[in-house]
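Novice: generate coordinates for the sequence data below:
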Amino acid sequence: MALSTSPLPLARARAARFWTQSQLAKRAGVSVATIIRAEDGQTISLISQARLATALGEPLDDLFPSQEASA
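Specialist: Numbering: from 1, shown residues only. Predicted structure coming up:
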């Protein structure tokens with residue numbers, strides 16, 4: 001199941017650590033393309049979201065706020 005993402009929290013969390021997209025991708029075990037899609041606000045899988053949150057040490061809900069609340 002894929003969920004919508006919010007690009008700003010992820011990009012801010014990555015930038016706060018002075019990590020490149022490539023560094024985050026390697027730490028999270030995802031592709032650089034996944035990082036780019038997430039930071040552009042495109043949909044990525046829940047598993048990728050969880051891997052990114054774990055790599056950054058941030059709560060999943062902080063990095064990827066639910067956009068289904070308005071549905």
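Novice: CA only for contacts and neighbour counts going forward, please
Specialist: Will do.
Novice: can you map out the helices along the chain?
Specialist: With helices called from DSSP state H, the chain shows them at 7-16, 21-28, 32-39, 46-56, 60-63.
Novice: what about the closest residue to residue 48 other than its chain neighbours, neighbour count?
Specialist: Computed as C-alpha to C-alpha, 6 or more residues apart in numbering, the closest residue to residue 48 that is not its neighbour in sequence is residue 30, at 6.7 Å. Residue 30 is flanked by 17 other residues according to other C-alpha atoms under 10 Å.
Novice: for the helices of the chain, give me TSV that also has mean neighbour count and mean pLDDT.
Specialist: Shown next, in TSV, are the helices of the chain (neighbours: other C-alpha atoms under 10 Å; pLDDT from 0 to 100):
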stretch	mean neighbour count	mean pLDDT
helix 7-16	16	89
helix 21-28	17	98
helix 32-39	18	95
helix 46-56	18	97
helix 60-63	16	93
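Novice: state the distance from residue 46 to residue 64.
Specialist: In this view, residue 46 and residue 64 are 10 Å apart by C-alpha to C-alpha, to the nearest Å.
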